[in-house]
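**Student:** Sharing a model prediction with you, sequence too.
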Amino acid sequence: MVVNKERCNLCGFCAEKCPTDALTFVGKELTVKKVIQEVEKDSLFYDESKGGVTFSGGEPFMQIDFLESLLTECKARGVRTAVDTSGYAPWDAVERIAEKVDLFLYDIKAIDDAAHRKYTGVSNKRILDNFRRLAERGSDLYARFVVVPGINDDKANVLETAEFVKSCGVKQANLLPYHRAGIEKYRGLGRRYRLGTLKSPSDQKLKAIKRQFERVGLSVRVGGG
Amino acid sequence: MNSRVRKLREWSIRAKPYITPERAVLMTEFYESPLADQSSAPVRRALALKYLLEKKAIWIGHGELIVGERGPAPKAVPTYPEICCHSLNDLEILNSREKTAYTVDEETERTYRESIIPFWKGKSIRDMIFDSVSDEWKAAYEAGVFTEFLEQRAPGHTVLDNKIYSKGLLDFEKDIERSIANLDLLHDAKASEKMEELKAMKIAADALIRYAERHAEKAKELLKKERNAGRKEELKKIIDVCSRVPAYAPRDFWEALQYYWFVHLGVIIELNPWDAFNPGRLDQHLYPFYKKGLEDGTLTKEKAKELLQLLWIKFNNQPAPPKVGVTAEESNTYNDFALINTGGVKIDGSDAVNELSYLILDVVEEMRILQPSSMVQISKKTPDEFLTRALRVIKTGFGQPSVFNTDEIVQELLRQGKTVEDARDGGSSGCVETGAFGKECYILTGYFNLVKVLEITLNNGIDPRTGRKIGLATGDPKDFNNFDDLLDAFRKQLQHSIDVKIEGNNVIERLYADYLPVPFLSLMISDCIASGKDYNDGGARYNTSYIQGVGLGTLTDSLTALKYQIFDRKEISFPGLLKALRTDFDGFEKLRQRLLNKTPKYGNDDDYADEITRTIFEAYFNAVDGRPNMKGGTYRINLLPTTVHIYFGKVVGATPDGRKAGEPLSEGVSPVQGADRSGPTAVIKSVSKIDHFRTGGTLLNQKFAPDLLTDEVGVGKLSHLIRTYFRLGGHHIQFNVINAQTLRDAQRHPEKYRDLMVRVAGYSDYFVNLSVDLQNEIIRRTEHKSF
């Protein structure tokens, strides 16, 4: 089978015909009803674990109407909801759904605006504003700090991030150590992986960062959730 | 653990199992003597036990506190020529095989050649079994449609309740006398048979009392020579204990343990019953002694722990009796399946977890030895703390304890007609088998190869491996118009093969009742004394025969593939698929990949496949459940494999799920290895769609890497997963913590490990989806963390 990626219109035929699943189609189109059906399959597990659904991405705010409908349906069924976001969305979108979200898992990638522009392509102003406003309106937030060696793990950035989180009145921070699981995905997509041979942070480094966060009075966990 | 336990444990682990001819020689001497000819079968067997226990060597190892060995020394494994007389070739295989070997020295071989084989050849129950069963049975057995549990080992599979802890064997003898006094020799045609059985029980009880006394005598001899003051005191205590139990009821924790151990030895010396013997709900039985000892200052927690650890070593000293042939393939292990139960509920239905339940988990964690196995019973009422403690032991990575759903076990027993009290007092033994402890004869009669039945169906009653006809002519599959035609044919073949199996069982169980009654085991299981009937002849209060179904996952995926690809989507033709199966997919790799990857599979919470699982379950249940057995009891099903899924896989050609000829079948109720790709919650959901309630046990295996449980959050998640499975009616779940070697195999054979989840970095992912670098990193990490 020959696949011409340049002329790909995402029809999915190649993946359907690939008998070994070496080619797979990532993502599928779903209706609100379909998603809720899938969510309900696991409702007994949420009962036991006091868990629920996390909407992540990509960036869930990219599909704000769909997200809002899903959150509404979940709330109607008593399912706990979390939204895993970069925070890069207009405040009115964030505000629209805030009432229906039990927990925001909120990335803070770099506190320095220039660094943030350099590595993500956008300013962090809106992200930090939204974070503060969500905290002020009483939303439950976990600040998630992705630790990328050599890029945002310097003492100053870590300290400033921790202090910012604390100043907003948020108590929980999660450290997400950079990992290399994306390399295979980039390869699969035929894209260049620009972090090359960058390694995950060492346990020692993670511990040091954890201590920095703890020193300002935050509760810290390494890993998601 | 203290240095005494450490030394004895080391010794027990290091010693290599070897065959001792001691029992075979003594048994032959007995059967050659006039005593054997002059009595009824039960009395003959009781006298045989008496002869063994009077003549066998007595072992009291240095530093031991709990005493008694099945053979002349630890790890010396006796044989049971009256059941299976090993040939010289069998001995050679036992001595030299790669896995589960038993050393056979020249002296043993000579004894076998000169006296054991000449006497027993043709007379063992194994010989009688193969002489008595029908040709049809033999053809199905040889084709691997089913195995036969009783061809090398005696019926057993049972567990003790609390009856020995308040009564000595002399009290049991009073019960026997009462039962004899009640015999109605005038009106009961069976009264004289019952008289013989009851006499036999008394002889057996006396024989064990005498055996204990011999240990006291041996300890006295050792005492005379002993110089060490501390050891002298210990020997005095051993003399005291062995003079007391089993004749009288135990007074303290030590006596209770020693009493059980003597009873255990009595059962496994009398014959070689499956699953050895088992104290069952040990935390419940021993708690009164533990509590009393702590209160009156005669026992400390440390002492109790030490004594329990010494009991554990005693179990480990007794490897399973040697198995050969198909029986070795279905159960290829030294483990003899004594499964210690902890937790659960009390007879009044309240939570049964106590301090000893926790102490036993401490013992399990520290001992880390093959035997005994351990399990926790978790009911709705069990505190999370206990489950969490069990998970912390599980995560250390040697597969123990397994986790059982008490509420489901109780329901299963109630459905089978047990009283509420007997159900709550029960549990699971062996692998996962449900039983009313101390009151039920529940035997496994053989594994049943569900996938082979499909193969026969697809070949119109013929076994394609041999060309022999082993089933019914249910029609050429090319003529099946729809999936229901296929299912009908499958059901007919299934019913037929089960009929063949049950017909054989009735013959075989009768042979045991007539030739090898077990008066000693019968003492221990209610209501054998009251009814004057042997355990092997329906004397127990409840009598259940199980046929254990194997290959549920493989069969589901195979039938699903046929339905989906041939009848629904019409993408593949029936003749085309049959051709691919015949050639083991040679030249049909693309088709095989389609079957593997583009077809719904059991274990993904996909109703398309899971509905078929249900259909199969119902068909199997209806073919077996409720039929009468030879003992006046009932046939039931359970779903567990031990190691037979490997053997059953060897005798089945390529299957429509894409499995190649000879590869293992799925095990227990678990999905096909690697077919579940939707995460553990989907597995739980799929597996819960069968009705565990109507089985006598199901087995679910889950794999995980030790990293998944490094923190409390991970332990909590696993605990929620278990609780949810149990709410959905699951019977049992066990966790295999994987090691680096498994991960390397997963790198080489990703298709078999699509379900293997590992902790990556603060999150989990399927191992096969990771880059080679990351896989290697995880392998290195696992090497450090697996124990």
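**Tutor:** Thanks, I have the structure now. The structure presented is a predicted model; accordingly, all values stated were derived computationally and were not measured.
**Student:** how is chain A carved up into domains?
**Tutor:** As recorded under automatic domain parsing, the domains making up chain A are A:24-84, A:102-225.
**Student:** out of these, which comes closest to chain B?
**Tutor:** Closest of these to chain B is domain A:102-225, at 2.9 Å (criterion: C-beta to the nearest C-beta). For the C-beta atoms, the positions are set from N, CA and C on the backbone; glycine is no exception.
**Student:** those helices in chain A, which residues are they?
**Tutor:** A:13-17, A:32-41, A:43-49, A:64-76, A:91-98, A:113-120, A:125-136, A:155-167, A:182-189, A:203-215 (DSSP state H).
**Student:** Would you mind listing the residues in contact with residue B:598?
**Tutor:** Residue B:598 makes contacts with A:16, A:19, as judged by C-beta atoms under 8 Å, 6 or more residues apart in numbering or on different chains.
**Student:** per-residue confidence for it?
**Tutor:** Residue B:598 carries a pLDDT value of 94.
**Student:** Spatially, and excluding backbone neighbours, which residue is closest to whichever residue of the stretch 1-150 of chain B sits closest to chain A.
**Tutor:** Nearest to chain A in the stretch 1-150 of chain B, going by C-beta to the nearest C-beta, is residue B:144, at a distance of 30.5 Å. Closest residue in space to residue B:144, ignoring its immediate chain neighbours: residue B:651 at 3.3 Å, by C-beta to C-beta, 6 or more residues apart in numbering or on different chains.
**Student:** so what's the backbone phi/psi at that neighbour?
**Tutor:** With angles defined as degrees, to the nearest 10, residue B:651 sits at phi -100, psi 10.
**Student:** what is the mean pLDDT for stretch A:68-79?
**Tutor:** 95.
**Student:** Is chain B within reach of that stretch?
**Tutor:** No. Figure legend: stretch A:68-79 not in contact with chain B (C-beta under 8 Å from any C-beta of the partner chain); closest approach 14.4 Å.
**Student:** Residues in contact with that stretch: which ones?
**Tutor:** Against stretch A:68-79 from outside (C-beta under 8 Å, 6+ apart): A:32, A:35-36, A:39-40, A:43, A:46, A:52-53, A:55, A:80-81, A:83, A:96-97, A:100-101.
**Student:** picking that back up, least confident of the helices of chain A, on average?
**Tutor:** helix A:182-189 (a mean of 83).
**Student:** Find out how far that one is from the centre of the chain, if you would.
**Tutor:** 18 Å (C-alpha atoms, centre = their mean, to the nearest Å).
**Student:** Also stretch B:257-276?
**Tutor:** Taking mean C-alpha positions (C-alpha atoms, centre = their mean), stretch B:257-276 and its chain are 15 Å apart.
**Student:** again, but for stretch A:83-96
**Tutor:** Centre-to-centre, stretch A:83-96 and its host chain are 12 Å apart (C-alpha atoms, centre = their mean).
**Student:** now the end-to-end length of it.
**Tutor:** For stretch A:83-96, the separation between the terminal residues is 13 Å (C-alpha to C-alpha, to the nearest Å).
**Student:** If you count neighbours, what's buried in it?
**Tutor:** A:83, A:84, A:85, A:86, A:87, A:88, A:89, A:94, A:96 (16 or more other C-beta atoms under 10 Å in any protein chain shown).
**Student:** And the closest residue to chain A within the stretch 151-300 of chain B, how far from residue B:376?
**Tutor:** As assessed by C-beta to the nearest C-beta, chain A sits closest to residue B:283 within the stretch 151-300 of chain B, at 25.4 Å. According to C-beta to C-beta, to the nearest Å, residue B:283 stands 10 Å off from residue B:376.
**Student:** Over to residue B:581?
**Tutor:** 43 Å.
**Student:** In terms of neighbours, single out the busier of the two.
**Tutor:** Remark: of residue B:581 and residue B:376, residue B:376 carries more neighbours, 30 against 23, as counted by other C-beta atoms under 10 Å in any protein chain shown.
**Student:** Surely that one is in contact with residue B:387?
**Tutor:** Yes. With contacts counted by C-beta atoms under 8 Å, residue B:376 reaches residue B:387, the gap being 7.2 Å.
**Student:** can you list residues touching both of the two?
**Tutor:** Jointly contacting residue B:376 and residue B:387 under the rule C-beta under 8 Å, 6+ apart are residue B:403.
**Student:** Pretty sure residue B:648 sits against residue B:446.
**Tutor:** No. Residue B:648 is beyond contact range of residue B:446, at 11.4 Å (criterion: C-beta under 8 Å).
**Student:** These two: which has the busier surroundings?
**Tutor:** Neighbour totals were compared for residue B:648 and residue B:446, and residue B:648 leads with 28 against 25 (other C-beta under 10 Å).
**Student:** pretty sure the more buried one is in a helix, no?
**Tutor:** Yes. With DSSP: H, G, I helix; E, B strand; the rest coil as the criterion, residue B:648 is located in a helix.
**Student:** how about the nearest residue to residue B:163, chain neighbours excluded?
**Tutor:** Nearest one to residue B:163, counting by C-beta to C-beta, 6+ apart, is residue B:438 at 5.9 Å.
**Student:** measure that neighbour to chain A for me?
**Tutor:** 34 Å (C-beta to the nearest C-beta, to the nearest Å).
**Student:** and if you look at residue B:544?
**Tutor:** Residue B:544 is 31 Å from chain A, by C-beta to the nearest C-beta.
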